[in-house]
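Chemist: got a predicted model here, sequence first, then my questions.
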Amino acid sequence: MKTEWALVTGASSGIGEAFARIFAENGISVVLAARDKVALQKVAESLQERGVQTEIYASDLSQPKN
């Protein structure tokens with residue numbers, strides 16, 4: 001069975017978190033990206049309790065990496 005994944009930026013709060021929850025409610029696994037690692041972990045744990053696979057990526061995507 002193929003697992004679908006969605007990448008959600010700004011997933012630690014607000015509209016990004018809301019989108020992550022909508023994907024999860026529809027059985028779609030999520031990669032959660034935002035600057036706040038602690039907040040991302042809380043969102044990820046909440047979604048995992050509902051049986052959704054998650055990965056987190058704590059980084060400021062507006063800043064280029066050297």
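Modeler: All right, it came through fine. Numbers count the residues shown, from 1 in each chain.
Chemist: mind jotting down where the helices sit in this structure?
Modeler: In the chain, the helices defined using DSSP state H lie at 14-25, 37-48.
Chemist: to residue 7, which of the ones you listed lies closest?
Modeler: The minimum distance between residue 7 and the helices of the chain falls on helix 14-25, with 9.7 Å, by Cβ to Cβ. Every C-beta, even on glycine, is put in place using the N, C-alpha and C of the backbone.
Chemist: got a pLDDT number for residue 2?
Modeler: Confidence at residue 2, expressed as pLDDT, is 67.
Chemist: residue 60: neighbour count?
Modeler: 10 (other Cβ atoms under 10 Å).
Chemist: pick out the residue closest to the middle of this structure.
Modeler: Most central in the chain under Cα atoms, centre = their mean is residue 32, positioned 2.1 Å from the mean C-alpha point.
Chemist: could you pull up phi and psi at the nearest residue to that residue once chain neighbours are set aside?
Modeler: Leaving aside its chain neighbours, residue 32 sits nearest to residue 11 (3.8 Å; criterion: Cβ to Cβ, 6 or more residues apart in numbering). Per-residue torsions, residue 11: phi -80, psi 0 (degrees, to the nearest 10).
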